[in-house]
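>>> Return atomic coordinates for the entry below.
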Amino acid sequence: MKLTRRELAAALASGVAAAQTQSPAPSAAPSTPERELEAAQNRSRGAAAALARVSVPMAVEPAFQFKA
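As a prediction, the model looks like this:
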């Protein structure tokens with residue numbers, strides 16, 4: 001399966017968008033820093049899981065170059 005950089009970016013963007021739409025609705029309880037941190041960590045784990053489901057072949061080039 002060959003993917004262009006644009007197709008890969010579209011696939012990753014759709015995975016992140018899906019992860020963001022699946023986040024639970026905020027509760028009516030007052031938010032504490034600990035709860036906010038836990039919610040952010042859960043969102044991060046969900047996004048990481050969505051990205052892990054996308055297979056990227058080794059031949060895919062990055063969209064940037066490192067130059068000295």
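
>>> What are the buried residues along stretch 36-51?
If you call a residue buried by 16 or more other Cβ atoms under 10 Å, then stretch 36-51 has these buried ones: 46-47, 50. Where C-beta positions appear, they are placed from N, C-alpha and C, glycine not excepted.

>>> For the residues you listed, could you give me JSON lines that also reports distance to residue 38, secondary structure and pLDDT?
JSON lines is the format used below for the buried residues of stretch 36-51 (distance: Cβ to Cβ, whole Å; DSSP: H, G, I helix; E, B strand; the rest coil; pLDDT from 0 to 100):
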{"residue": "46", "distance to residue 38": "13", "secondary structure": "helix", "pLDDT": "93"}
{"residue": "47", "distance to residue 38": "15", "secondary structure": "helix", "pLDDT": "92"}
{"residue": "50", "distance to residue 38": "19", "secondary structure": "helix", "pLDDT": "91"}
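
>>> From the residues you listed, pick the one nearest residue 9.
Closest approach to residue 9 among those (Cβ to Cβ): residue 50, at 14.2 Å.

>>> Relative to residue 44, how far out is the closest one?
Computed as Cβ to Cβ, to the nearest Å, the residue 50 to residue 44 distance reads 11 Å.

>>> what do you get for residue 57?
According to Cβ to Cβ, residue 57 stands 25 Å off from residue 44.

>>> Repeat that for residue 15.
For residue 15, the distance to residue 44 - Cβ to Cβ - is 14 Å.

>>> swap in residue 35?
From residue 35 across to residue 44, the span is 15 Å (Cβ to Cβ).

>>> list the contacts for residue 52?
Contacts for residue 52 (Cβ atoms under 8 Å, 6 or more residues apart in numbering) come out as none.

>>> Show the pLDDT at it.
Residue 52 carries a pLDDT score of 90 in this model.

>>> What about residue 61, how many residues nearby?
9 (other Cβ atoms under 10 Å).

>>> I am finished for the moment; much appreciated.
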